[in-house]
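Visitor: Have a look; sequence and predicted model below, questions after that.
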Amino acid sequence: MKRKVSKAFVHLGASKIHGLGCFADIDIRKDELVRVWDGKDSRFIPLARAHASPQVQLIKRFGIRSAGGYWVPLDFLRISTGWYMNHAADPNIGSDDGDVTYYALRDIKAGEELVMDYRLMDARHDNLSRDEVVPATSRAKRRRK
């Protein structure tokens, strides 16, 4: 499916979910692509190197733990807004490729926080506790969209 790219800009703001979050500046229609991430804005750091780094706390807090290490921002001083996106079990944006390209799962109003379901990113990532299970109905609903 060819999706239209939203003209919305995503900005950071205080989140009711956790700390900072990503917010839409204008309305976004269902199925529009939402630019929250620069695919070139990440690097992989092996576990041993990450844990020995002076930035270990930043890596653990913002990184995406994966088998053998962490995916982290290329430069913590210049990171894509997507790194601040919060988790919700009922998200308003989703991804076909699991990492970089996001689209609206429903209409999103200006000022609304953009949220994704961390559990659907990749089976290898442990952004949330492994005890949290994605309900089968949630997975089926996402496939139909």
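Guide: Looks like it arrived, so ask away.
Visitor: so where's this protein uncertain?
Guide: 1, 98-99, 121-145 (pLDDT under 70).
Visitor: try 80
Guide: Filtered on pLDDT under 80, the chain yields the residue ranges 1, 37-39, 62, 66-67, 96-100, 118-145.
Visitor: Could I get the full set of helices for it?
Guide: Taking DSSP state H, the helices of the chain run over residues 47-52, 56-62, 136-144.
Visitor: For the first one, buried residues please.
Guide: Which is helix 47-52. Under the neighbour-count criterion of 16 or more other C-beta atoms under 10 Å, helix 47-52 has Ala50 buried. Bear in mind the C-beta positions are built from the backbone N, C-alpha and C, glycine included.
Visitor: helices and strands around it, which ones?
Guide: helix 56-62, strand 69-72 (3 or more C-beta pairs under 8 Å, 6 or more residues apart in numbering; DSSP states H and E).
Visitor: repeat that for 6 Å
Guide: For helix 47-52, the elements it packs on are strand 69-72, judged by 3 or more C-beta pairs under 6 Å, 6 or more residues apart in numbering; DSSP states H and E.
Visitor: Contacts made by the strand it packs on with the rest, please.
Guide: Residues from elsewhere that reach strand 69-72 (C-beta atoms under 6 Å, 6 or more residues apart in numbering): 42, 44-47, 50, 59, 63-64.
Visitor: Provide the strand pairings for that strand, with the direction of each partner.
Guide: strand 43-46 (antiparallel), strand 64-66 (antiparallel) (DSSP bridges).
Visitor: Arg35: which of those strands is closest?
Guide: strand 64-66 (19.1 Å; C-beta to C-beta).
Visitor: how about that closest one: buried residues?
Guide: Within strand 64-66, judged by 16+ other C-beta under 10 Å, the buried ones are 64-66.
Visitor: which one among the residues you listed gets closest to Glu112?
Guide: Ranked by distance to Glu112 (C-beta to C-beta), the buried residues of strand 64-66 are led by Ile64 at 23.9 Å.
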